[in-house]
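J.: after the sequence you'll find the predicted model.
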Amino acid sequence: GQSLEQPSEVTAVEGAIVQINCTYQTSGFYGLSWYQQHDGGAPTFLSYNALDGLEETGRFSSFLSRSDSYGYLLLQELQMKDSASYFCAVRPPTGGFKTIFGAGTRLFVKA
Amino acid sequence: EPEVTQTPSHQVTQMGQEVILRCVPISNHLYFYWYRQILGQKVEFLVSFYNNEISEKSEIFDDQFSVERPDGSNFTLKIRSTKLEDSAMYFCASRASTGGTDTQYFGPGTRLTVL
């Protein structure tokens, strides 16, 4: 089976850097994605790692290490608007495009 | 910027009734999905659809559920006989292609309340 583990909550102050981890137990997948979801809103794509290493998109970076079954999302220069839930997700090689989401990490950004 | 749209935004129904949730994916996208999210919980995969047929479904997607792409633009999710536990937010998503990234674009969701 597949499972993705994330911390349930993270709190940080405005302007800081925060790392949200995602560890997984899955027999394989095509890549690790990250989505942001504000309260009452829809998930919004942030980043995707097909290969090991760091992907940078503005203030957000994502990292994947398949050998360690681990990935993370790094948010820099935190802003109040970054307060949201963050989900990691994988697409296992089942051939049918199924996507599995982690339980999500609720990020609270304080002034 | 193109976006996925969903109607209605909120649907209230009685237990046992049929509901149809509607989605218009982004026009040049090829892969379509339905997800469910119970309040405060994670996003759960229901079904993926490609080339006019279901490509994969989860254990949640039982015989009470069906999907259809009746024309070139709409993508619907039907629940034949709703149960209380079907109350959730239902998101439609679409994706352009398999190469390079798994980016899925989500619609705003339909909140389904079963009484």
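T.: Alright, I've got the coordinates.
J.: the chain: strands as residue ranges?
T.: With no chain named, the answer covers chain A. In chain A, the strands defined using DSSP state E lie at A:3-5, A:9-13, A:18-25, A:32-37, A:44-49, A:53-57, A:60-65, A:70-75, A:84-90, A:100-101, A:105-110.
J.: please go with chain B instead
T.: Under DSSP E, chain B gives strands at B:5-7, B:10-13, B:19-24, B:31-37, B:44-50, B:53-57, B:65-68, B:75-79, B:88-95, B:105-106, B:110-114.
J.: can you list the weak-confidence ranges in chain A?
T.: A:1 (pLDDT under 70).
J.: need the residues of it near chain B, please.
T.: Selection of chain A residues close to chain B by CB under 8 Å from any CB of the partner chain yields A:30-31, A:33, A:35, A:37, A:41-45, A:48, A:50, A:87, A:89, A:91, A:94-104. Any C-beta I mention is one placed from the backbone N, CA and C, and that applies to glycine too.
J.: circling back to that earlier point, what's the closest of the strands of chain A to residue B:78?
T.: Of all the strands of chain A, strand A:100-101 sits nearest to residue B:78, with 23.3 Å by CB to CB.
J.: for the closest one, name the packing helices and strands.
T.: Applying 3 or more CB pairs under 8 Å, 6 or more residues apart in numbering or on different chains; DSSP states H and E, we find strand A:100-101 packed against strand A:3-5, strand A:84-90, strand B:44-50.
J.: dump those strands to CSV, plus mean neighbour count and distance to residue B:71.
T.: CSV is the format used below for those (neighbours: other CB atoms under 10 Å in any protein chain shown; distance: least, CB to CB, whole Å):
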stretch, mean neighbour count, distance to residue B:71
strand A:3-5, 16, 36
strand A:84-90, 24, 29
strand B:44-50, 21, 14
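J.: export these to CSV and tack on distance to residue B:13?
T.: Below are the helices and strands packed on strand A:100-101 laid out as CSV (distance: least, CB to CB, whole Å):
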stretch, distance to residue B:13
strand A:3-5, 32
strand A:84-90, 27
strand B:44-50, 18
